[in-house]
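Visitor: Coordinates for the following, if possible.
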Amino acid sequence: MEKSSNLMLSRPEDPEVASLGQITVDVGYEILPKRIRAIPGIGLILALLSGVFFATGSLTVKLIQSVSGIEIAVIRSLITLIAFSIVVILCKHDLKSIPSERVPLALRCLTGCIGLILTYVSIKLIPLGDSQSIIFSSPVFVNFFAYLFLGEPCGLVQYVSIIFAMIGVLLISKPSFLFPDFDTDQNDAYASTRTTGTLTALGACCGAASVFICIRKLQVTPSSVVIFWHSAVTVILGTILLIIRDLLVWPQGIQDYVLLLVCGVTGIAGQALMTLSLKLEKAGPVSLARTMDIVMAFVYQITILKEAVAWTSLFGAFILVFGVIIVALNKWYTSDPKSFKSVFLCGCAGDHKKTPDNLVNLASIPTITISANN
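Guide: Numbers count the residues shown, from 1 in each chain. Sure, this is the predicted structure:
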């Protein structure tokens, strides 16, 4: 990835990053002092910090009591819209997209709007750790959607990761036909709420994966313009939905106003840190570090929200993360074998030019090659 000292915008180069963080803000590689850039593993550290920011933003959604998840999505998008209006003006970008990219741009805005709203609705309905675990599995579905809609091949690694994701979601959702004992102490309303929350989280996951498919068709439109229109569409459609459902209310108390501001700021900060990490580190390791999202979600759930965590949720989250890790490791190996071997095969004899016989040759497994031009 080319290093830049100017304020500009770029898209993540891999689906496992793009589908999680949406489109990210490139604040410039040179913005970091040389001493900081020289710190070993600084790219991974920034990726971990981005996960903390994203999880903190999700926590604020859980803590805000006076407004619905839909309204929180609208307010966060309004904050993003204001921020990126400034970026568009500074960069002198034209808000008009070229004719051939108007349909993909419209679809990207629509799927992004749906995904963001469903994300916040699911956080309101089910435990924070459960919601974030399901949504985090979106990288697994990116390749599957590329196979369905773009006709790209889907290899063994992708099929295995999808199976892991499905098992993880089942464990987290705990359907009554598989876990009847979990419903004995809960009423029908709780079971219905949990089912709705799980379905909305899955919808958010699919929305995040669909966003990347649309982004792949946006070769010319600047990312600042894409984010501007996505935020604008979310504000407009979300407000209409709030009016129709009679959910449009003013936040109650200074605490909720502060939390709403924190929600918007942490989202922008998390995206900026993730992009800086991609400037300093390969996308494979960065996507692995992004598992901090789930870790922090469960930490917040236990320490701040004081909610118990079921063993099925922990086990399901572990399986989901494992599926994402499989995709990330495969992507890392196929895109940069030398770097991969230097980390994981350092204990093997020789200069690693040959893969040891007792190790699986990931290069022989069919995979999807994602263009970095998105």
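
Visitor: after the helix or strand hosting T200 comes which helix or strand?
Guide: Element membership of T200, judged by DSSP states H and E, is helix 188-215. Using DSSP H and E, the next helix or strand after helix 188-215 towards the C-terminus is helix 223-244.

Visitor: May I have that next one as PDB, with CA atoms only?
Guide: C-alpha atoms of helix 223-244 as PDB (Å, rounded to 0.1, in the frame of the first residue of the first chain):
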ATOM      1  CA  SER A 223     -14.200   7.100  -0.400                       C
ATOM      2  CA  SER A 224     -15.100  10.400   1.300                       C
ATOM      3  CA  VAL A 225     -18.000  10.700  -1.200                       C
ATOM      4  CA  VAL A 226     -19.100   7.200  -0.500                       C
ATOM      5  CA  ILE A 227     -19.100   7.700   3.300                       C
ATOM      6  CA  PHE A 228     -20.800  11.100   2.900                       C
ATOM      7  CA  TRP A 229     -23.700   9.500   0.900                       C
ATOM      8  CA  HIS A 230     -23.900   6.500   3.200                       C
ATOM      9  CA  SER A 231     -24.200   8.700   6.200                       C
ATOM     10  CA  ALA A 232     -26.800  10.900   4.500                       C
ATOM     11  CA  VAL A 233     -28.900   8.000   3.400                       C
ATOM     12  CA  THR A 234     -28.800   6.500   6.900                       C
ATOM     13  CA  VAL A 235     -29.900   9.800   8.400                       C
ATOM     14  CA  ILE A 236     -32.700  10.200   5.900                       C
ATOM     15  CA  LEU A 237     -34.000   6.600   5.900                       C
ATOM     16  CA  GLY A 238     -33.500   6.100   9.600                       C
ATOM     17  CA  THR A 239     -35.400   9.300  10.400                       C
ATOM     18  CA  ILE A 240     -38.300   8.200   8.200                       C
ATOM     19  CA  LEU A 241     -38.300   4.800  10.000                       C
ATOM     20  CA  LEU A 242     -38.300   6.500  13.400                       C
ATOM     21  CA  ILE A 243     -41.300   8.600  12.400                       C
ATOM     22  CA  ILE A 244     -43.200   5.700  11.000                       C
END
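
Visitor: Just give me how far that helix sits from the chain centre.
Guide: Remark: helix 223-244 is offset 19 Å from the chain centroid, using CA atoms, centre = their mean, to the nearest Å.

Visitor: ok, and for that helix, which residues are buried?
Guide: Residues of helix 223-244 classed as buried by neighbour count (16 or more other CB atoms under 10 Å): 223-235, 237-239, 241-242. In short, each C-beta sits where N, CA and C put it, glycine included.

Visitor: From the contact counts, what lies against the helix holding T200?
Guide: helix 15-21, helix 102-125, helix 128-136, helix 138-149, helix 156-173 (3 or more CB pairs under 8 Å, 6 or more residues apart in numbering; DSSP states H and E).

Visitor: for it, what is the average pLDDT?
Guide: Averaging pLDDT along helix 188-215 gives 85.
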